[in-house]
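1. sequence first, then the predicted structure:
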Amino acid sequence: DAKTTQPNSMESNEEEPVHLPCNHSTISGTDYIHWYRQLPSQGPEYVIHGLTSNVNNRMASLAIAEDRKSSTLILHRATLRDAAVYYCILRDDGTASKLTFGTGTRLQVTL
Amino acid sequence: NAGVMQNPRHLVRRRGQEARLRCSPMKGHSHVYWYRQLPEEGLKFMVYLQKENIIDESGMPKERFSAEFPKEGPSILRIQQVVRGDSAAYFCASSTEAGTDTQYFGPGTRLTVL
């Protein structure tokens, strides 16, 4: 799986939007961009994924750059329950199924 | 629809004992993955199984660790002769398909080796 680069940590105020960036300059044409998060003392949780177009679901939005070398996970209104480590992961369609976790971004949300 | 279940949630073993970690995938899921998270470190893939078959064990330590996913019953991760360095959180995930299908994770088993 191709490598991703994320900031180690970010802070946000509650009720404000959060933009979590991810760089993946070596992404290949068949790599999907997946985001998972891990809340304290819990297992990882799927957030969202996409290939080329921007994606929205009930949890978040995923904005993918036109050249696909970067993406941004958007939490529209952060809450205290969104405090977690967020992982950006590339997965090659049709090949190995394992998830390769990097160090992720630790998001702190304050009142 | 129950999620991925893991038991026990906490397991304490003395050095040299065996540890058995169980994972029941979500209903309808036939693909199971095991990951390990050492203290203050990231999640590392260990093994991927599909009913009765090991598909990818590239992350499994060569000795003392084994995994199975029988036709009936949960997937088992077995660690023989545990050492202090095996202390970690072990997470199981399941999916309906392989490839880029979403993986659903269990709450994990926290193994402590005394």
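-> In hand now; what should we look at?

2. which one is the residue in chain B that chain A sits nearest to nearest to, not counting chain neighbours?
-> Residue of chain B nearest chain A, by CB to the nearest CB: B:Phe105 (3.4 Å). C-beta: built from backbone N, CA, C; applies to glycine. Counting by CB to CB, 6 or more residues apart in numbering or on different chains, the nearest residue to B:Phe105 once its immediate chain neighbours are dropped is A:Gly43, at 3.4 Å.

3. ok, that neighbour touching B:Pro107?
-> Yes - in this structure A:Gly43 lies within contact range of B:Pro107 using CB atoms under 8 Å: 5.5 Å.

4. can you list the residues that contact the helix or strand where B:Met46 lies?
-> Using DSSP states H and E, B:Met46 falls within strand B:43-50. Contact with strand B:43-50 is made by A:38, A:44, A:96-101, B:30-38, B:54-60, B:65, B:67-69, B:75, B:77, B:91, B:98, as judged by CB atoms under 8 Å, 6 or more residues apart in numbering or on different chains.

5. now intersect the residues you listed with the helices, please.
-> Judged by DSSP state H, these include no members of helices.

6. buried subset of these as a PyMOL selection?
-> To isolate the buried subset of those in PyMOL, counting by 16 or more other CB atoms under 10 Å in any protein chain shown, use the following:
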select buried, (chain A and resi 38+44+96+97+98+99+100+101) or (chain B and resi 31+32+33+34+35+36+37+55+56+57+59+60+65+67+68+69+75+77+91+98)
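
7. which of the contacts of strand B:43-50 fall within strands?
-> Among the contacts of strand B:43-50, the members falling in strands (DSSP state E) are A:38, B:31-37, B:54-56, B:65, B:67-68, B:75, B:77, B:91.

8. in chain A, what residue comes closest to chain B?
-> A:Gly43 (3.4 Å).

9. follow-up on the earlier one: so for A:Gly43 and B:Pro107, which sits in the more crowded spot?
-> For A:Gly43 versus B:Pro107, the count of surrounding residues by other CB atoms under 10 Å in any protein chain shown is larger for A:Gly43: 23 against 17.

10. tell me where the model's unsure across chain A.
-> Within chain A, the segments meeting pLDDT under 70 span A:1-2, A:93-96.
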